[in-house]
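S.K.: Would you be able to build a 3D model of this:
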Amino acid sequence: MKKPKPRLDLPPRASDNLQRALDPSPDPKMLEQLSNTAFYRGYAKHKSAPQAFGLPPYAKPRGDSTLCDTHAGFNKEQIGVIPRLLRRGIKAGLIASSTRLIWTISDEGWIFEGRVTNIEQREYHGYPLRPSEPIAEAVYRRFCAWAAIHGEAADKQAASNCRDLYGFTP
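M.R.: Below is the predicted model:
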């Protein structure tokens, strides 16, 4: 019998940070403040064609980095949705206790991790998560619970798309 093809074509992770965890009980006031101040700035390391995003070429080895454009199909025209995606993840409480990490789920179902680039300015860069990363299912489960109660139709559809794309069970 042939081994089935993996669901997503992502490079294997060399190691995993098991310390990544969702804040068990994020403070609503802090979420609101973060939602109003956090912003995204692209990082060439997570783009196969950084120049297409107005970023300088990335000359260092990428190691096991996932790439927004190659792996998740994210393109320059989609940059405008990033502020909404950041707010979506924050509203859903998809943050680490330190706020150094924020997660979100795109309309297509991709889970993106936003990692702080500059904590004082609340600047983040992001990249797609692999299904094998332990935090992926925890993010999906919290997002689903939030979307079912507080989400709009697009949030509920994103949760469904995420389930299908990553192969999570309902």
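
S.K.: which residues touch stretch 69-85?
M.R.: Contacts to stretch 69-85, defined as C-beta atoms under 8 Å, 6 or more residues apart in numbering, come from residues 8-10, 39-40, 42, 47-49, 52-54, 66, 68, 104-108, 110, 112, 126, 128. C-betas here are computed from N, CA, C, even on glycine.

S.K.: 6 Å instead?
M.R.: 10, 40, 47-49, 52-53, 68, 104, 110, 128 (C-beta atoms under 6 Å, 6 or more residues apart in numbering).

S.K.: Among the residues you listed, which are located in strands?
M.R.: In this view, the contacts of stretch 69-85 that belong to strands under DSSP state E are 40, 104, 128.

S.K.: Compare those and tell me which is most surrounded.
M.R.: Thr104 (25 neighbours; other C-beta atoms under 10 Å).

S.K.: For it, list each beta-bridge partner.
M.R.: When assigned by DSSP bridges, Thr104 has beta-bridge partners Phe112.

S.K.: After the top helix by length along the chain, heading C-terminal, what element do we hit next?
M.R.: Using DSSP state H to define each element, the chain has its longest helix at helix 134-150. Counting by DSSP states H and E, the next helix or strand C-terminal to helix 134-150 is helix 153-166.

S.K.: Buried ones in that next one, by neighbour count?
M.R.: Going by neighbour count (16 or more other C-beta atoms under 10 Å), the buried part of helix 153-166 is 155, 158-159, 161-162, 165-166.

S.K.: for stretch 105-121, same thing?
M.R.: 105-107, 109-114, 116-117.

S.K.: want to throw those into JSON lines with distance to Gly80 and pLDDT?
M.R.: As requested, the buried residues of stretch 105-121 are arranged in JSON lines below (distance: C-beta to C-beta, whole Å; pLDDT from 0 to 100):
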{"residue": "Ile105", "distance to Gly80": "17", "pLDDT": "98"}
{"residue": "Ser106", "distance to Gly80": "13", "pLDDT": "95"}
{"residue": "Asp107", "distance to Gly80": "13", "pLDDT": "96"}
{"residue": "Gly109", "distance to Gly80": "19", "pLDDT": "96"}
{"residue": "Trp110", "distance to Gly80": "16", "pLDDT": "94"}
{"residue": "Ile111", "distance to Gly80": "20", "pLDDT": "96"}
{"residue": "Phe112", "distance to Gly80": "15", "pLDDT": "94"}
{"residue": "Glu113", "distance to Gly80": "20", "pLDDT": "95"}
{"residue": "Gly114", "distance to Gly80": "16", "pLDDT": "94"}
{"residue": "Val116", "distance to Gly80": "22", "pLDDT": "94"}
{"residue": "Thr117", "distance to Gly80": "20", "pLDDT": "93"}
